[in-house]
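Asker: Predicted model follows, preceded by the sequence.
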Amino acid sequence: MPITSYLASPSGHDADALTRDIEALPGCSVLPSDRGEVLVVVTETADAEADEVLAETLRALPHLDALVLVSAFHDDALEPA
Amino acid sequence: MNPLSRRTLLKQLATSAAVSAATTLFPGAAFAGWKNAPGLPTDLAWKKAPCRFCGTGCGLLIGLSKGKAVAVKGDPDSEVNRGLACVKGYHSVMALYGKDRLKNAWVRKNGTLEKVPMKEALDLVARKLKETMDAHGKDSVALYGSGQWTIPDGYVASKLMKGALGTNNLEANARLCMASAVTGFMTSFGLDEPMGCYDDFDHADVFVLWGNNMSEMHPVLFSRILARKAKNPDLQIVELATRTTRTSSAVDTSLLFKPQTDLAIANALCHEIIAKGLVNQAFVEKSVAFKKGKTNIGYGLEDDFKFQDQPADATFDEYKKLLEDYTPEKVAALSGVSADELKKLAALYGDPKKKVMSVWCMGVNQHTRGTWMNNLVYNVHLLVGKIATPGNSPFSLTGQPSACGTVREVGTLTHRLPGGAVTDEKARRQAAEIWKVPLERIPAKPTYHSVAMFRALDRGDIRFLWIQTTNPMVTMPKLSRYRDAAKKEDRFIVVSDVYPTPTTDVADVILPAAMWIEREGLFGNSERRTQHWDKLVDPPGEAMSDAWQLIEVARRLGFQELFPWSEAEHIKAIWAEYTRFHEDAKHAMAPYDELRKRPGVRWPFVGGKETRWRYNPEHDPVAKGPGLDFYGNANHKANLWLRPYEPPPEVPDAEYPFWLNTGRVLEHWHTGSLTRRVPVLHQAVPSAYAELNAGDAERLGVRSGDRVKLTSRRGSLVLPASIKERGEPPSGQVFVPFFDESMLINELTLDAYCPISAQPDYKKCAVKVERA
């Protein structure tokens, strides 16, 4: 059950449009900075493959300039053995 | 644990990591809509610990569940980071659980490493150590430790080597990162470690970054500067750098200088301060003594190199005479920084209405004139009297979590004891008394600094080397010589670590080490802050702390009476014994119980209070006014040193036309042996790279990702090119990070060092660059 966070920068300074695009995707939440220069994106997916597919979907968004992976937590990987 | 709560927690951690990264990378970025970790689940136990990685010393809270560390958040009670952490800190607990963690001891038998019980391995280490000393003398054995050692690890190491075995063959990798800072402090002020503290970040009006990529190396501290800048647009951030980095995008002024010319730049600033009448005459007359030393001091390239400075008194007039060679115009021609920019920077330092903080790290310290560079930055502050008051602060940042606490304060270097230099009979008497050993057992003569230690291993003067918590087969400059040395037939190498590394590859014995929160410990950070943590989780298999490994071997060698402590109580007992060395109010340490309660305490800790600004009678109970009292020197003055520009030992030429600069990246700690086991950090920067100037790349026909071959007089390396990505060097320079054990850039570097500090220069040598 991956939980992944990214920094997303909007193209053309249009943070609102990028926020709307991302919020429309299942498993995504967005936290824009106050001035809109960067968005924190957090995704929840069922498995590693879905995580990668969602990342590709994010990267293809028209209002996205750049997407940078920050952290990735895998719920199972952190479970006590 | 409730799965929903757990996922909520992980989402909070993922969000907080990204918010932290954003505020670091985007100057002034703020997230008013974010509340730090609301609704955390209640069934996690949160325990404090300092971060395992850099020298900033961020306070963390570690989330524990079912005997494992499963979560991290910044400790809001820590004055260092106020609840923030960087991307390494947020993922720090994942470094405990890599799949190839060393859990058992290994011994090389007939050329092959075989798993053995820990007891058998420790027996062998003790036997080989004794056999080597018997056959070749006590100075044929050596211990090489780390600024990642805990304070108790370092203390036990010092007591074993100097008090029990009677050899000064003890060094630590902090020699490679902080030695010039130490000799800078000692020569200028007579005492090590900063006069100021991180509170200065809250008071300064101007920040000058001397060769310091803070956004990647000290991101949490940089975020403190940027947060102030967001609220105070008049605040000025100036960087002096040899390449453009992420930091460059956040500063007001970026001044790129040619390698090594920082020496001349500092002198030019002083020339301009004097020329424009900006000297604080009253301060200089009362608190400054002028000094000069040897010049043309060499580079330590030869095995038999020896250097001893000859300090002598000088005058202000002599100083002005020296500075005649450093007019802004002359230095502009040498450094590439315009005279106008040098004058502007001097005006900022000299403006009586502005408080100025200078910050530096490896750019200044890893320098063949590293001690001089430290002196020269202090000179600027001393001339204008901006020092040891809130916001007026020359501040040397450290790279490792306990380079200060362990290596500098305990003194795990060949020339040091916990209470002073080995050459000082008073310090030896103190050690002999506290350790209850004969005075004559503690040798008065230093033996080998780090580079010399590995050269001695090569020559055969050292035959047994125990390496703990560091990875010299990645970090030593001119690496191939020292790797070949370690592999020689009659050398015996013991390595204590948590993962396999290129250094365990050359080991005869590998001892699995307990890491960080798997044992109780203490670190000391850049601002004199001591931080304690409890053992929070069990180490895997037979892994054992470095301190306890040393104690086990010491007992096998017959030194039970020097190390009498129980395993359960040994950290508390060690702290009680160690702090006897620092009972003086100049360096008094907080008691154990106080440290257990708080996220850290800055020394000197006197009368229940920590000291924020040393030498300042308003803050330091030792200092006697009026004015500042530099009590580390007998005359109670700070030394302003006359230090000239001298060129580096190797410069680009027709055959090797590029400068090579090496360093670090945000996501990886040191040699990557921990952070490359954390998937997200590894994925972020999976390999080293050669950062090229775009124009140079075009001339070479190279694009990002293409393979390029770098060659120096010592070796060559093929690695992917990086153009206009994370950073960009000026034309004629190439930068390579050193974290990647599969691309060992130190095969190419030069083992030249500062003759005063013996710290190598990893920032400058000559290479050629070709398309591979």
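Answerer: That came through, no problem.

Asker: in the chain, which ranges drop under the pLDDT threshold?
Answerer: The chain I'm using is chain A. A:75-81 (pLDDT under 70).

Asker: Let me rephrase: I mean chain B.
Answerer: Looking at chain B by pLDDT under 70, you get B:1-6, B:9, B:23-25, B:27-29, B:32-43.

Asker: give me that answer again for 80
Answerer: Filtered on pLDDT under 80, chain B yields the residue ranges B:1-13, B:16-17, B:19-43, B:680.

Asker: Show me what the longest helix that chain A contains is packed against.
Answerer: Secondary structure of chain A per DSSP state H: the longest helix is helix A:48-59. Using 3 or more Cβ pairs under 8 Å, 6 or more residues apart in numbering or on different chains; DSSP states H and E, the elements in contact with helix A:48-59 are strand A:2-10, strand A:39-44, strand A:64-74. From N, CA and C alone the C-beta is placed, and that goes for glycine too.

Asker: Next, the angle from that helix to strand A:2-10.
Answerer: Calculated by axes from the mean of the first three to the mean of the last three Cα atoms, to 10 degrees, helix A:48-59 forms an angle of 10 degrees with strand A:2-10.

Asker: residues in contact with helix A:48-59?
Answerer: The contact list for helix A:48-59, computed with Cβ atoms under 8 Å, 6 or more residues apart in numbering or on different chains, reads A:2, A:4, A:6, A:8, A:22, A:25, A:27-28, A:41, A:43, A:45, A:64, A:67, A:69, A:72, A:74.

Asker: Which of those ranks first by neighbour count?
Answerer: Among those, A:Val41 has the most neighbours (other Cβ atoms under 10 Å in any protein chain shown), with 30 neighbours.

Asker: What helix or strand is the closest residue to chain A within the stretch 201-350 of chain B located in?
Answerer: In the stretch 201-350 of chain B, no residue comes nearer to chain A than B:Ala230, which is 9.7 Å away by Cβ to the nearest Cβ. Assessed by DSSP states H and E, B:Ala230 sits inside helix B:219-231.

Asker: How many residues are close by B:Trp641?
Answerer: If we define neighbours as other Cβ under 10 Å, then B:Trp641 has 23 of them.

Asker: residues near residue 58, how many?
Answerer: As the question left the chain open, I've gone with chain A. 20.

Asker: hmm, I had chain B in mind actually
Answerer: For B:Cys58, using other Cβ under 10 Å, the count is 31.

Asker: and the gap between it and B:Val93?
Answerer: 14 Å (Cβ to Cβ, to the nearest Å).

Asker: circling back to that earlier point, how about the contacts of helix A:48-59, which pair is most distant?
Answerer: Largest separation among these by Cβ to Cβ: A:Leu64 and A:His74, giving 24.5 Å.

Asker: count of neighbours near B:Ala427?
Answerer: For B:Ala427, using other Cβ under 10 Å, the count is 20.

Asker: Kindly confirm my reading that it is in a helix.
Answerer: Yes: counting by DSSP: H, G, I helix; E, B strand; the rest coil, B:Ala427 is part of a helix.

Asker: Leaving out chain neighbours, which residue sits closest to it?
Answerer: B:Gly420 (3.0 Å; Cβ to Cβ, 6 or more residues apart in numbering or on different chains).

Asker: buried residues in the longest helix of chain A?
Answerer: The neighbour-count check on helix A:48-59 (16 or more other Cβ atoms under 10 Å in any protein chain shown) flags A:50-51, A:54-55, A:58 as buried.

Asker: ok, B:Leu348 - contacts?
Answerer: Contacts of B:Leu348 (Cβ under 8 Å, 6+ apart): B:206, B:208, B:236, B:238, B:354, B:356.

Asker: State the helix or strand in which it lies.
Answerer: helix B:339-350.

Asker: Tell me which helix or strand comes right after that helix.
Answerer: Criterion used, DSSP H and E; the element after helix B:339-350 is strand B:356-360.

Asker: neighbouring contacts of the following helix or strand past that next one?
Answerer: Later in the chain than strand B:356-360, the nearest helix or strand by DSSP H and E is helix B:362-365. For helix B:362-365, the surrounding residues in contact (Cβ under 8 Å, 6+ apart) are B:177-181, B:210-212, B:217, B:241-242, B:262, B:370, B:373-374, B:377, B:396, B:399, B:663, B:757, B:759, B:762-763.

Asker: Of those residues, which belong to helices?
Answerer: Reading helices off the contacts of helix B:362-365 with DSSP H, I get B:179-181, B:217, B:262, B:370, B:373-374, B:377.

Asker: If we check chain A, which of those are in contact?
Answerer: Among these, no residue lies close to chain A (Cβ under 8 Å from any Cβ of the partner chain).

Asker: I'd like these as JSON lines, with neighbour count appended.
Answerer: Listed next are the ones in helices among the contacts of helix B:362-365 as JSON lines, based on neighbours: other Cβ atoms under 10 Å in any protein chain shown:
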{"residue": "B:Ala179", "neighbour count": "29"}
{"residue": "B:Ser180", "neighbour count": "32"}
{"residue": "B:Ala181", "neighbour count": "32"}
{"residue": "B:Met217", "neighbour count": "24"}
{"residue": "B:Asp262", "neighbour count": "27"}
{"residue": "B:Gly370", "neighbour count": "30"}
{"residue": "B:Met373", "neighbour count": "27"}
{"residue": "B:Asn374", "neighbour count": "32"}
{"residue": "B:Val377", "neighbour count": "24"}
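
Asker: Nearest to chain A among those residues?
Answerer: B:Met217 (17.9 Å).

Asker: Quick one: residues contacting the closest one.
Answerer: Contacts of B:Met217 (Cβ under 8 Å, 6+ apart): B:54, B:361-362, B:397, B:399, B:664, B:666.

Asker: now, among those residues, which is nearest to B:Leu124?
Answerer: B:Gly399 (33.4 Å).

Asker: dump the residue contacts of the nearest residue to the closest one once chain neighbours are set aside.
Answerer: Of all residues not flanking B:Gly399 in the chain, B:Cys177 sits nearest, at 4.5 Å (Cβ to Cβ, 6+ apart). Listed by Cβ under 8 Å, 6+ apart, the contact set of B:Cys177 reads B:147, B:362, B:365-366, B:398-400, B:403, B:759.

Asker: would you list those in TSV and tack on neighbour count?
Answerer: Formatted as TSV, the contacts of B:Cys177 follow (neighbours: other Cβ under 10 Å):
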residue	neighbour count
B:Gly147	30
B:Met362	27
B:Asn365	31
B:Gln366	28
B:Thr398	30
B:Gly399	26
B:Gln400	29
B:Ala403	31
B:Gln759	29
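
Asker: between these, which is nearest B:Asp303?
Answerer: B:Gln759 (17.6 Å).

Asker: Go ahead and confirm that closest one touches B:Gln366.
Answerer: Yes: using Cβ atoms under 8 Å, B:Gln759 is in contact with B:Gln366, at 6.3 Å.

Asker: any shared contact partners between these two?
Answerer: B:176-177, B:180.

Asker: re the thing from before, can you tell me which of the ones in helices among the contacts of helix B:362-365 is closest to B:Leu10?
Answerer: For the ones in helices among the contacts of helix B:362-365, the nearest to B:Leu10 is B:Met217 (27.7 Å; Cβ to Cβ).

Asker: Which residues of chain A lie near chain B?
Answerer: A:1, A:3-7, A:29, A:31-35, A:37-38, A:40-42, A:44, A:68-73, A:75, A:77-81.

Asker: now B:Leu64, what's its secondary structure?
Answerer: strand.

Asker: which residues touch it?
Answerer: B:44-47, B:70, B:536-537.

Asker: same deal with A:Leu7?
Answerer: Contacts of A:Leu7 (Cβ under 8 Å, 6+ apart): A:38-41, A:67-68, A:70, B:18, B:21-22, B:25.
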